[in-house]
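A.B. asks: With the sequence up front, the predicted model follows.
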Amino acid sequence: MADEVILLDYWPSMFGMRTRVALEEKNIKFDYREQDLFNKSPILLEMNPVHKKIPVLIHNGKPVCESLIQVEYIDETWPGGNPFLPSDPYQRAQAKFWGDFIDKKVYGPTRLIWGAKGEEQEAGTKEFIEMLKMLESELGDKTYFGGETFGYVDIAMIGFYCWFDVLEKCGNFSIEAECPKLIAWAKRCMKRESVAKSLPDSNKITKFVPELKKKIGIE
Ligand SMILES: N[C@@H](CCC(=O)N[C@@H](CSO)C(=O)NCC(=O)O)C(=O)O
């Protein structure tokens, strides 16, 4: 029986983009189901009762929650092609460390940059740039975070790239000026069909943010 793969997602989500990219990298056919996070569907509540968040990967009726867990699950379940994670335990640990770093240290400041004002927004901008500089020094002169092949940390981070334009406009800074190597890396990733297909156009994100702010009551 062919695998049934459903992805409960939300188009602007940099977390959902991770799972989209991972599925595309493995050439897995999946049923993409856009979710309304302001009026959550019964299937979302049923499949992710703990966090009630997207993305949720439903594989033959069984839900896998949390985007980085989904990326690893996809890598293990469909092992063909380039592995996302290295086989060496230490290298795997290092890749997961940077995935965790992105979740703990990169995502938070982005909310302040587009959602806050004044000193709070400035603090978010400063923090974001500092965190990107740490990522850039980890990348160094490598093609991808794991070396020559596109993998786990690239997948964890690349979804933020389509948010860079709106973050720069809100925070009045240039990511390229601060982290040129990181921008060069992102452009390299965008050349991959799996990434180009999975990330929305940054103009769409830029138009979306003011609508989102209105919807959540921050103006
Ligand atoms: N650690 C999780 C984060 C998912 C998340 O925040 N999803 C958001 C949309 S993207 O910002 C979400 O589903 N929010 C709905 C809510 O918070 O109610 C992951 O990596 O999958």
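C.D. replies: Okay, I see it.
A.B. asks: Tell me if I'm right that Ile183 and Ser174 touch.
C.D. replies: No. Here Ile183 does not reach Ser174: they are 9.4 Å apart, not a contact under CB atoms under 8 Å. Placement of C-beta: from N, CA and C, glycine included.
A.B. asks: Looking at the two, which one has more neighbours?
C.D. replies: Per other CB atoms under 10 Å, whichever of Ile183 and Ser174 has more neighbours is Ile183, with 18 against 13.
A.B. asks: what's in contact with the helix or strand that the more buried one is a member of?
C.D. replies: Assigned by DSSP states H and E, Ile183 belongs to helix 180-190. The contact list for helix 180-190, computed with CB atoms under 8 Å, 6 or more residues apart in numbering, reads 132, 135-136, 139-141, 143-145, 150, 154, 158, 161, 164, 175-176, 195-196, 199.
A.B. asks: per-domain residue ranges of this structure.
C.D. replies: Domains of the chain are assigned by automatic domain parsing as 5-77, 89-215.
A.B. asks: Could you check stretch 69-81 and say which residues are buried?
C.D. replies: Within stretch 69-81, the residues scored as buried using 16 or more other CB atoms under 10 Å are Gln70, Val71, Glu72, Tyr73, Ile74, Asp75, Trp78.
A.B. asks: for this structure, longest helix please?
C.D. replies: When the chain is parsed with DSSP state H, its longest helix is helix 118-139.
A.B. asks: Quickly check: the next helix or strand after that one near the ligand or not.
C.D. replies: Once the chain leaves helix 118-139, the next helix or strand it forms, by DSSP H and E, is helix 152-158. No. Against the ligand, helix 152-158 shows no contacts by CB under 6 Å from any ligand atom, the least distance being 9.0 Å.
A.B. asks: Count the residues that sit near Ala184.
C.D. replies: Residues near Ala184, counting by other CB under 10 Å: 13.
A.B. asks: How about Gly108?
C.D. replies: Counted with other CB under 10 Å, Gly108 comes out at 13.
A.B. asks: relative to helix 118-139, how tilted is the helix or strand encompassing it?
C.D. replies: Using DSSP H and E, Gly108 sits within helix 107-115. Interaxial angle, helix 107-115 versus helix 118-139 (axes from the mean of the first three to the mean of the last three CA atoms, to 10 degrees): 140 degrees.
A.B. asks: chain center to helix 107-115, what's the gap?
C.D. replies: Centroid separation for helix 107-115 versus its chain: 14 Å, with CA atoms, centre = their mean, to the nearest Å.
A.B. asks: could I get that helix in CSV with only the CA atoms?
C.D. replies: Only the C-alpha atoms of helix 107-115 are listed here, as CSV (Å, rounded to 0.1, in the frame of the first residue of the first chain):
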residue,chain,number,x,y,z
TYR,A,107,13.0,32.6,16.3
GLY,A,108,12.2,34.7,19.5
PRO,A,109,13.9,37.9,18.3
THR,A,110,12.1,37.8,15.0
ARG,A,111,8.8,38.2,16.8
LEU,A,112,10.1,41.4,18.5
ILE,A,113,11.4,42.8,15.3
TRP,A,114,8.0,42.6,13.4
GLY,A,115,5.7,42.7,16.5
